[in-house]
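[1] Show me the folded form of this:
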Amino acid sequence: MKYTDQLDYRKLPNGKILSVSHKESGKRLSEIPAKILDYMMARVGEEIDKNDICSHVWGDSHYFIHRSFDVHLKKVRDFLKQTDAPFEIPRSNRMKLYLFEKNG
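    Below is the predicted model:
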């Protein structure tokens with residue numbers, strides 16, 4: 001079973017993501033981390049600019065949003081680890097991020 005098949009997105013009729021849950025473990029991400037995960041899952045293996053994610057999630061990108069993003073990204077990393085996801089987001093001090101498939 002693909003990892004994405006194990007995720008249950010709770011959305012409004014207009015498609016806005018409210019949360020995501022992992023079906024087997026019951027772990028849940030709230031709205032903002034769920035949006036970040038969704039954005040990154042659509043771009044596995046690609047270089048993703050932090051400004052692009054912030055603009056997608058908040059509609060803006062500045063210092064205070066970047067600080068908030070860092071907190072939410074940690075929640076996404078923890079979620080991936082706790083649900084034995086075949087993906088990881090390597091730590092980086094740069095403005096570029098990657099969601100990679102783990103090897104083996």
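[2] from memory residue 24 sits against residue 6, does it?
    Yes: counting by C-beta atoms under 8 Å, residue 24 does reach residue 6; the two are 6.1 Å apart. No exception for glycine: its C-beta is placed from N, CA and C like everyone else's.
[3] Give the residue from these two that has the larger number of neighbours.
    residue 6 (15 against 10; other C-beta atoms under 10 Å).
[4] What are the phi and psi values at the residue nearest the centre of the chain?
    When C-alpha atoms, centre = their mean is applied to the chain, the residue found nearest the centroid is residue 37 (1.8 Å). With angles defined as degrees, to the nearest 10, residue 37 sits at phi -60, psi -50.
[5] Mind pulling the model confidence for residue 104?
    At residue 104, the model reports a pLDDT of 53.
[6] Oops, could you answer that again for residue 20 instead?
    96.
[7] so which strand or helix has the residue nearest to it when sequence neighbours are not counted?
    Nearest non-adjacent residue to residue 20, counting by C-beta to C-beta, 6 or more residues apart in numbering: residue 34, 4.1 Å away. Assigning secondary structure by DSSP states H and E places residue 34 in helix 31-41.
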